[in-house]
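>>> Below are the sequence and a predicted model; questions follow.
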Amino acid sequence: MTEATRNKTIVVGIMAAVIGIATVLIYIPQQRELNHLRTEISQEKLRMSDNARICSAVPATLRQVQTLKKRYSKFDQRLPKQIELGGFLREISGNLAQESLVNQSIEPENPRRSELFHTLPIVLRFRGTYLSLASFLKRLSEMERLTQVERITVSGDSSEPSKPGQAWGLNIEVLMNIYFTES
(Lines give C-alpha, C1' and ligand atoms only; values in the text may rest on other atoms or scores of the structure.)
Protein backbone atom coordinates (compact mmCIF):
# COMPACT_ATOMS: atom_id res chain seq x y z
CA MET A 1 0.00 0.00 0.00
CA THR A 2 1.42 3.24 -1.01
CA GLU A 3 1.70 6.27 1.12
CA ALA A 4 -1.02 8.14 -0.78
CA THR A 5 -3.46 5.26 -0.43
CA ARG A 6 -2.73 4.98 3.25
CA ASN A 7 -3.28 8.73 3.73
CA LYS A 8 -6.56 8.50 1.82
CA THR A 9 -7.66 5.60 4.00
CA ILE A 10 -6.79 7.55 7.17
CA VAL A 11 -8.67 10.62 5.93
CA VAL A 12 -11.69 8.49 4.98
CA GLY A 13 -11.54 6.80 8.39
CA ILE A 14 -11.34 10.15 10.19
CA MET A 15 -14.24 11.46 8.12
CA ALA A 16 -16.28 8.34 8.86
CA ALA A 17 -15.50 8.73 12.59
CA VAL A 18 -16.49 12.43 12.51
CA ILE A 19 -19.74 11.59 10.67
CA GLY A 20 -20.45 8.76 13.12
CA ILE A 21 -19.75 10.97 16.15
CA ALA A 22 -21.80 13.84 14.64
CA THR A 23 -24.66 11.41 13.96
CA VAL A 24 -24.59 10.05 17.49
CA LEU A 25 -23.99 13.36 19.29
CA ILE A 26 -25.93 15.84 17.10
CA TYR A 27 -28.29 14.25 14.55
CA ILE A 28 -29.99 11.61 16.70
CA PRO A 29 -30.72 13.96 19.67
CA GLN A 30 -32.01 16.64 17.29
CA GLN A 31 -34.18 14.06 15.52
CA ARG A 32 -35.65 13.03 18.90
CA GLU A 33 -36.28 16.70 19.80
CA LEU A 34 -37.89 17.28 16.38
CA ASN A 35 -40.21 14.28 16.85
CA HIS A 36 -41.09 15.49 20.36
CA LEU A 37 -41.87 18.99 19.03
CA ARG A 38 -44.01 17.56 16.21
CA THR A 39 -46.00 15.59 18.81
CA GLU A 40 -46.48 18.73 20.90
CA ILE A 41 -47.58 20.66 17.81
CA SER A 42 -50.21 18.05 16.95
CA GLN A 43 -51.45 18.08 20.58
CA GLU A 44 -51.66 21.89 20.55
CA LYS A 45 -53.57 21.79 17.24
CA LEU A 46 -56.08 19.42 18.84
CA ARG A 47 -56.35 21.67 21.91
CA MET A 48 -56.84 24.72 19.67
CA SER A 49 -59.60 23.01 17.68
CA ASP A 50 -61.33 22.07 20.95
CA ASN A 51 -61.01 25.66 22.19
CA ALA A 52 -62.35 26.97 18.86
CA ARG A 53 -65.34 24.65 19.17
CA ILE A 54 -65.96 25.86 22.72
CA CYS A 55 -65.53 29.52 21.71
CA SER A 56 -67.96 29.12 18.82
CA ALA A 57 -70.72 28.87 21.45
CA VAL A 58 -69.89 32.32 22.85
CA PRO A 59 -71.77 34.42 20.23
CA ALA A 60 -74.90 32.30 20.69
CA THR A 61 -74.59 32.66 24.45
CA LEU A 62 -74.17 36.43 24.12
CA ARG A 63 -77.33 36.58 21.98
CA GLN A 64 -79.20 34.58 24.62
CA VAL A 65 -77.95 36.93 27.35
CA GLN A 66 -79.15 39.97 25.36
CA THR A 67 -82.54 38.32 24.80
CA LEU A 68 -82.86 37.56 28.50
CA LYS A 69 -81.81 41.10 29.42
CA LYS A 70 -84.57 42.48 27.20
CA ARG A 71 -87.07 39.96 28.51
CA TYR A 72 -86.34 40.71 32.16
CA SER A 73 -85.46 44.40 31.84
CA LYS A 74 -88.30 45.36 34.18
CA PHE A 75 -87.38 42.70 36.72
CA ASP A 76 -85.64 45.26 38.89
CA GLN A 77 -88.71 47.47 39.17
CA ARG A 78 -89.58 47.54 42.78
CA LEU A 79 -92.62 46.39 44.68
CA PRO A 80 -92.60 48.60 47.78
CA LYS A 81 -93.72 47.45 51.20
CA GLN A 82 -96.29 50.23 51.45
CA ILE A 83 -98.33 52.40 49.15
CA GLU A 84 -95.98 55.44 49.14
CA LEU A 85 -98.74 57.24 47.27
CA GLY A 86 -97.56 60.83 47.79
CA GLY A 87 -94.21 60.46 46.06
CA PHE A 88 -95.70 58.38 43.26
CA LEU A 89 -98.46 60.95 42.60
CA ARG A 90 -95.87 63.76 42.50
CA GLU A 91 -93.85 61.77 39.97
CA ILE A 92 -96.94 61.10 37.82
CA SER A 93 -97.98 64.75 37.99
CA GLY A 94 -94.46 65.82 36.97
CA ASN A 95 -94.54 63.42 34.01
CA LEU A 96 -97.93 64.79 32.94
CA ALA A 97 -96.62 68.37 33.12
CA GLN A 98 -93.45 67.53 31.16
CA GLU A 99 -95.57 66.13 28.34
CA SER A 100 -97.81 69.26 28.24
CA LEU A 101 -100.88 67.28 29.26
CA VAL A 102 -103.42 69.67 30.79
CA ASN A 103 -106.61 69.52 32.89
CA GLN A 104 -105.03 66.83 35.03
CA SER A 105 -107.13 64.82 37.43
CA ILE A 106 -105.59 62.00 39.48
CA GLU A 107 -108.03 59.88 41.50
CA PRO A 108 -106.80 56.91 43.57
CA GLU A 109 -109.46 54.25 44.14
CA ASN A 110 -109.76 51.71 46.96
CA PRO A 111 -106.91 49.21 47.23
CA ARG A 112 -107.60 45.58 46.30
CA ARG A 113 -105.98 42.89 48.40
CA SER A 114 -104.63 39.59 47.15
CA GLU A 115 -102.53 36.87 48.76
CA LEU A 116 -99.04 38.08 47.81
CA PHE A 117 -99.51 41.75 46.99
CA HIS A 118 -102.05 44.56 46.92
CA THR A 119 -103.20 46.64 43.96
CA LEU A 120 -104.11 50.32 44.06
CA PRO A 121 -106.07 51.43 40.97
CA ILE A 122 -105.58 55.06 39.96
CA VAL A 123 -107.67 56.92 37.38
CA LEU A 124 -105.87 59.68 35.46
CA ARG A 125 -107.83 62.15 33.35
CA PHE A 126 -106.12 64.77 31.22
CA ARG A 127 -106.11 66.48 27.88
CA GLY A 128 -103.39 66.48 25.22
CA THR A 129 -102.20 65.20 21.87
CA TYR A 130 -101.63 61.62 20.81
CA LEU A 131 -97.85 62.09 20.78
CA SER A 132 -97.92 63.54 24.30
CA LEU A 133 -99.93 60.51 25.45
CA ALA A 134 -97.48 58.10 23.83
CA SER A 135 -94.53 59.88 25.44
CA PHE A 136 -96.28 59.87 28.83
CA LEU A 137 -96.95 56.11 28.57
CA LYS A 138 -93.29 55.55 27.69
CA ARG A 139 -92.29 57.48 30.83
CA LEU A 140 -94.67 55.31 32.88
CA SER A 141 -92.99 52.15 31.61
CA GLU A 142 -89.55 53.51 32.57
CA MET A 143 -90.53 54.35 36.15
CA GLU A 144 -88.75 52.61 39.00
CA ARG A 145 -92.11 51.80 40.55
CA LEU A 146 -93.95 48.79 39.15
CA THR A 147 -97.04 50.06 37.31
CA GLN A 148 -99.48 48.58 34.82
CA VAL A 149 -101.87 50.42 32.55
CA GLU A 150 -105.15 48.52 32.58
CA ARG A 151 -107.28 50.69 30.29
CA ILE A 152 -106.93 53.79 28.10
CA THR A 153 -109.94 55.69 26.84
CA VAL A 154 -109.33 58.38 24.23
CA SER A 155 -111.97 60.67 22.77
CA GLY A 156 -111.72 63.71 20.51
CA ASP A 157 -112.95 67.09 21.68
CA SER A 158 -115.40 68.41 19.12
CA SER A 159 -116.20 71.56 21.12
CA GLU A 160 -112.93 73.18 20.05
CA PRO A 161 -112.71 74.28 16.42
CA SER A 162 -109.76 73.08 14.41
CA LYS A 163 -107.07 75.71 13.98
CA PRO A 164 -104.58 75.48 11.09
CA GLY A 165 -101.25 73.98 12.19
CA GLN A 166 -102.54 72.93 15.62
CA ALA A 167 -103.06 69.33 16.69
CA TRP A 168 -106.47 68.19 17.82
CA GLY A 169 -106.90 67.96 21.56
CA LEU A 170 -107.85 64.57 23.00
CA ASN A 171 -109.67 63.79 26.23
CA ILE A 172 -107.79 60.89 27.77
CA GLU A 173 -108.60 58.62 30.69
CA VAL A 174 -106.05 56.09 31.93
CA LEU A 175 -106.78 53.42 34.52
CA MET A 176 -103.51 52.17 35.94
CA ASN A 177 -102.51 49.99 38.85
CA ILE A 178 -99.63 50.28 41.25
CA TYR A 179 -98.62 47.33 43.39
CA PHE A 180 -97.37 47.08 46.94
CA THR A 181 -96.94 44.55 49.71
CA GLU A 182 -98.44 44.93 53.12
CA SER A 183 -96.60 47.40 55.33
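Looks like it arrived, so ask away.

>>> roughly how far out does the longest helix that the chain contains sit from the chain middle?
Residue-count comparison of every helix in the chain, with assignments taken from DSSP state H, identifies helix 28-55 as the longest. For helix 28-55, the distance from its own C-alpha centre to the chain's C-alpha centre is 38 Å (CA atoms, centre = their mean, to the nearest Å).

>>> So for that helix, mean pLDDT?
Per-residue pLDDT values across helix 28-55 average out to 90.

>>> cool, stretch 64-82 as well?
Per-region confidence: stretch 64-82 scores 70 on mean pLDDT.

>>> now swap in stretch 97-111 and tell me
Within the predicted structure, the mean pLDDT of stretch 97-111 is 86.

>>> quick check: domain ranges of the chain?
When the chain is parsed into structural domains using automatic domain parsing, the resulting residue ranges are 3-70, 85-180.

>>> looking at the ones you listed, which is buried most?
The highest average neighbour count among these, using mean count of other CB atoms under 10 Å, belongs to domain 85-180 at a mean of 14. From N, CA and C alone the C-beta is placed, and that goes for glycine too.

>>> From start to finish, how long is that one in a straight line?
Chord length of domain 85-180, first to last residue, is 10 Å (CA to CA, to the nearest Å).

>>> Please enumerate the helices of this protein.
Assignment of helices within the chain using DSSP H yields the ranges 3-22, 28-55, 57-71, 85-98, 130-141.

>>> Between those helices, which one is closest to Ile122.
helix 85-98 (7.8 Å; CB to CB).

>>> gap between Val12 and Val18?
As for Val12, its distance to Val18 is 11 Å (criterion: CB to CB, to the nearest Å).

>>> Could you do Leu170 as well?
Using CB to CB, one gets 104 Å for the distance from Leu170 to Val18.

>>> ok, now Gly87?
In this structure, Gly87 and Val18 are 96 Å apart, going by CB to CB.

>>> can you check Glu3 too?
22 Å.

>>> what's the answer for Pro108, then?
Taking CB to CB as the measure, Pro108 and Val18 are separated by 105 Å.

>>> So for this protein, the centremost residue is which one?
Central residue check for the chain by CA atoms, centre = their mean: the C-alpha nearest the mean position is that of Gln66, 3.5 Å away.

>>> I'd say Asn103 and Leu124 touch.
No. Applying CB atoms under 8 Å as the test, Asn103 and Leu124 come out as separate, 11.0 Å apart.
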